[in-house]
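Enquirer: sequence-free structure coming up:
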């Protein structure tokens, strides 16, 4: 069981996104989620390398069994919404699945 709540892990990850600390963000990703993010970036998806966001808002949190699905809106020069599935992996909260959507 992780030392922190899943909500604390999500907020810490979002703060790392705002700070542009991609190494910290990547530490929270499982290899599968990292692969999905990299594929999305190379395909020109919503997770481009633009300026870092300046704020975030947790829009929703649902629990599906052991998984916690958070929808987070990032705001700034570019807006995007992330849907991240967080899971306890070896006593640490990790993002097991990630989908990014650019604001239209």
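Expert: The structure has been received and is ready for your questions. What you are looking at is a predicted structure, and each value in this text was computed from that prediction instead of being measured.
Enquirer: give me the helices and strands touching the worst-scoring helix or strand of the chain on mean pLDDT, please.
Expert: Within the chain, no helix or strand scores below helix 31-42, which has a mean of 83 by mean pLDDT, DSSP states H and E. Packing partners of helix 31-42 (3 or more C-beta pairs under 8 Å, 6 or more residues apart in numbering; DSSP states H and E): strand 92-102. Where C-beta positions appear, they are placed from N, C-alpha and C, glycine not excepted.
Enquirer: who's in contact with the spatially most central residue of the chain?
Expert: Residue closest to the average C-alpha location in the chain (C-alpha atoms, centre = their mean): residue 84, at 5.2 Å. Applying C-beta atoms under 8 Å, 6 or more residues apart in numbering to residue 84 gives the contacts 10, 33, 69, 70, 72, 95, 97, 98, 99.
Enquirer: what are the buried residues along the helix or strand harbouring it?
Expert: If you go by DSSP states H and E, residue 84 is part of strand 80-89. Burial within strand 80-89, assessed by neighbour count using 16 or more other C-beta atoms under 10 Å, is assigned to 80, 81, 82, 84, 85, 86, 87, 88.
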